[in-house]
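Colleague: following is a predicted model, sequence given first.
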Amino acid sequence: MFDALAERLESAWKKLRGQDKISESNIQEALREVRRALLEADVNLQVVKEFIAEVETKALGSEVIAGVQPDQQFIKIVHEELVAVMGESNVPLAHAERAPTVVLMAGLQGTGKTTATAKLALHLRKQNRSTLMVATDIYRPAAVDQLVTLGKQINVPVFELGTDTDPVEIARQGIERAKAEGIDTVIIDTAGRLQIDRDMMAELARIKETVEPDDTLLVIDAMTGQEAANLTRTFHEEIGISGAILTKLDGDSRGGAALSVRKISGAPIKFVGVGEKVEALQPFYPDRMASRILGMGDVLTLVEKAAEEVDIADAEKMHEKIMAAQFDFNDFLKQMRLMKSMGSLGGVLKLIPGMNKLTDDQLEKGESQLKLSESIVNSMTKEERQNPDLLAGSPSRRRRIARGSGHSEKEVSKLVTDFSRMRTMMQRMGQGAFGMPGMAGPG
Ligand code: GDP
């Protein structure tokens, strides 16, 4: 997602390169790029205006930091501002002191509300919080069945009264049931419409009044674009939301909705949906999203994903190495193995900047490229893997590796060059000068 924005910012960034101070004149071009990028990413116009104004004020008012290029400083300011707009830190789901915690799901039809209900239930189950899902969408054909099926799949009970009972009554009885059974959290799936609809809002408001939720989550499709701002405003004004779940972030690259939701409602995005499967839910981290917008890739998500597979200490070490540009070909091999153990290469690649636009065809090519790289690395000596610079200066070593791996010298040289370029790039990103929140510099 957000790759258009990442590319724009990169070019804005390039234009500042080589100048030693941020000034009113040299910043205009970069600001224009940021503005255009945000609009293209479907961020609401008003949100864009305010964002640009903030960035400009901060950039012009910022002190020149010795040793820091203005482009770096500019990107840092844009990053900080993105984080500020999307909320400072991850806000978890409400957890009431007295059970059950009641979570009300709201949103248009097709946004992924029912799916998100099940995703959330699974997420809570992993935290040992027992859940009851309540099916109040009596209008959409098979919505009740859909929730029942999902419930079976994740082994979470569903409360339903078919399609002939008033949704408010279903919700009320669902909570009674949860109380009687000592269930920790009730998630109420509600009916959506294809667009904002008086009756839908009125019904939601009635349900909300009756169940007094601890969390009212607006489920919003990341592909909604500009409309996200209006939807958020309407839902917030009519029923009041306390958070949002941004779904389908795995899809189209437009992510402007993420910026609009918080800015307009003040309510944090709590989770993001990244696929159709019930497991595809992640907490929303503004600083990571900002890094991703800036084209730094979602390194932390990548590391976290890896950490689910391997032990955390190992992953943290890897992250540090990446940021300090100290990682070598051994780490590269380790990462390759990890990627394989994580299953889909596509899913992992999507987290890397510039990679999220890849088609299946390109993914396949990427996969075979990785295999090629792996076999080349396998033909390196231990010393060469630990010290990639050895290869840059030695054609004879590269020739030997080419012979050993059965690939051409050109292919070996290319890998060595690409690898060293990547290290340099990461070094840049890892530099303390950025001071990116959540991104450890080399110290
Ligand atoms: P509802 O009408 O809001 O309850 O929407 P559903 O939960 O039925 O979801 C509508 C469609 O979106 C279904 O085909 C889901 O599989 C799909 N969907 C839901 N969440 C995601 C997501 O995060 N990513 C993707 N790619 N698809 C999703």
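Modeller: Structure's in. What do you need?
Colleague: how about the closest residue to Gln226 other than its chain neighbours, secondary structure?
Modeller: Distances taken as CB to CB, 6 or more residues apart in numbering put Asp42 closest to Gln226, at 5.2 Å, once the chain neighbours are dropped. All C-beta atoms are positioned from the backbone trio N, CA, C, and that covers glycine. Under the three-state scheme (DSSP: H, G, I helix; E, B strand; the rest coil), Asp42 adopts coil.
Colleague: now Asp42: how far from Ile154?
Modeller: If you measure Asp42 against Ile154 using CB to CB, to the nearest Å, the figure is 32 Å.
Colleague: between these two, point out the one with more neighbours.
Modeller: Counting neighbours by other CB atoms under 10 Å for Asp42 and for Ile154 shows that Asp42 has the greater number, 22 against 16.
Colleague: read off the pLDDT value for that one.
Modeller: pLDDT, Asp42: 74.
Colleague: the one 3 residues further on now?
Modeller: Confidence at Leu45, expressed as pLDDT, is 87.
Colleague: and it, what does it touch?
Modeller: Each residue near Leu45 by CB atoms under 8 Å, 6 or more residues apart in numbering is listed here: Leu39, Gln226.
Colleague: okay, now Ala30: neighbour count?
Modeller: Ala30: 26 surrounding residues under other CB under 10 Å.
Colleague: hmm, back to that, state the phi and psi torsions of the residue nearest to Gln226.
Modeller: phi 70, psi 30 (degrees, to the nearest 10).
Colleague: is it correct that it is in contact with Ala257?
Modeller: Yes. Between Asp42 and Ala257 there is a contact at 7.1 Å, judged by CB atoms under 8 Å.
Colleague: where do the contact lists of those two overlap?
Modeller: Joint contacts of Asp42 and Ala257 (CB under 8 Å, 6+ apart) are Gly225, Ala228.
Colleague: can you list the low-confidence ranges for the stretch 251-400 of the chain?
Modeller: Scanning the stretch 251-400 of the chain for pLDDT under 70 picks out the ranges 251-255, 291-325, 337-360, 362-363.
Colleague: what's the burial count for whichever residue of it sits closest to the ligand?
Modeller: Of all residues in the stretch 251-400 of the chain, Gly273 sits closest to the ligand, at 2.7 Å by CB to the nearest ligand atom. By the measure other CB under 10 Å, the count of residues near Gly273 is 26.
Colleague: got it, and Met289?
Modeller: 25.
Colleague: just Arg421 next, same as before
Modeller: With neighbours defined by other CB under 10 Å, the count for Arg421 comes to 10.
Colleague: ok, now Gln146?
Modeller: As a burial measure, Gln146 scores 19 neighbours (other CB under 10 Å).
Colleague: and what of His123?
Modeller: Neighbour count for His123, taken as other CB under 10 Å: 20.
Colleague: which residue, other than its chain neighbours, is closest to it?
Modeller: Nearest to His123 is Leu281, by CB to CB, 6+ apart, at 5.6 Å.
Colleague: which other helices and strands does the longest helix seen in the chain contact?
Modeller: Counting residues, the longest helix found in the chain (DSSP state H) is helix 409-430. Helices and strands touching helix 409-430, by 3 or more CB pairs under 8 Å, 6 or more residues apart in numbering; DSSP states H and E, are helix 312-323, helix 360-378, helix 389-392, helix 395-405.
Colleague: can you list the domains in this structure?
Modeller: 3-86, 101-284, 299-434 (automatic domain parsing).
Colleague: beta partners of the residue of the stretch 251-400 of the chain closest to the ligand?
Modeller: Here Gly273 shows beta-bridge partners Leu281, assigned using DSSP bridges.
Colleague: may I have the phi/psi pair for Ile245?
Modeller: Per degrees, to the nearest 10, the backbone of Ile245 is at phi -120, psi 120.
Colleague: what's near enough to touch it?
Modeller: Ile245 touches 112, 116, 120, 217-220, 269-273, 281, counting by CB under 8 Å, 6+ apart.
Colleague: repeat that with 7 Å
Modeller: Ala116, Leu217, Val219, Lys270, Phe271, Gly273 (CB atoms under 7 Å, 6 or more residues apart in numbering).
Colleague: I figured Phe419 was touching Asn387, is that so?
Modeller: No. Judged on CB atoms under 7 Å, Phe419 makes no contact with Asn387 at a distance of 11.8 Å.
Colleague: these two: which is more packed in?
Modeller: Higher neighbour count among Phe419 and Asn387: Phe419, with 19 against 13, using other CB under 10 Å.
Colleague: ok, now which ones touch the nearest residue to that one once chain neighbours are set aside?
Modeller: If the residues on either side of it in the chain are set aside, Phe419 comes closest to Pro388, at 5.7 Å by CB to CB, 6+ apart. With contact set as CB under 7 Å, 6+ apart, Pro388 has these partners: Asp328, Phe329, Val416, Phe419, Ser420.
Colleague: how close does Pro388 get to Ser89?
Modeller: 36 Å.
Colleague: likewise for Met105?
Modeller: Noted for Met105: a distance of 23 Å to Ser89, by CB to CB.
Colleague: the more surrounded of those two?
Modeller: Higher neighbour count among Met105 and Ser89: Met105, with 27 against 11, using other CB under 10 Å.
Colleague: per-residue confidence at the more buried one?
Modeller: 98.
Colleague: what bridges to it?
Modeller: Leu217.
Colleague: verify the stated contact: it with Ile188.
Modeller: Yes. Using CB under 7 Å, Met105 makes contact with Ile188 at a distance of 6.3 Å.
Colleague: count of neighbours near Ser408?
Modeller: For Ser408, the neighbour count with other CB under 10 Å is 10.
Colleague: got the contact list for the closest residue to it other than its chain neighbours?
Modeller: Nearest non-adjacent residue to Ser408, counting by CB to CB, 6+ apart: Ala402, 6.0 Å away. Applying CB under 7 Å, 6+ apart, we find Ala402 in contact with Ser408, Glu409, Val412.
Colleague: name the nearest of those residues relative to Val55.
Modeller: Of all those, Val55 sits closest to Val412, with 43.7 Å by CB to CB.
Colleague: any idea how far the closest one lies from Gln28?
Modeller: 45 Å.
Colleague: wait, a strand at Tyr134?
Modeller: Residue 134: Val, not Tyr. Yes. Assessed with three-state DSSP, Val134 lies in a strand.
Colleague: these two touch, right, it and Glu176?
Modeller: No. Shown here, Val134 and Glu176 do not form a contact pair, counting by CB under 7 Å, at 10.6 Å.
Colleague: which of those two has more neighbours?
Modeller: Val134 (32 against 12).
Colleague: just grab the bridge partners of that one for me.
Modeller: Beta-bridge pairing for Val134 (DSSP bridges): Phe159, Ile188.
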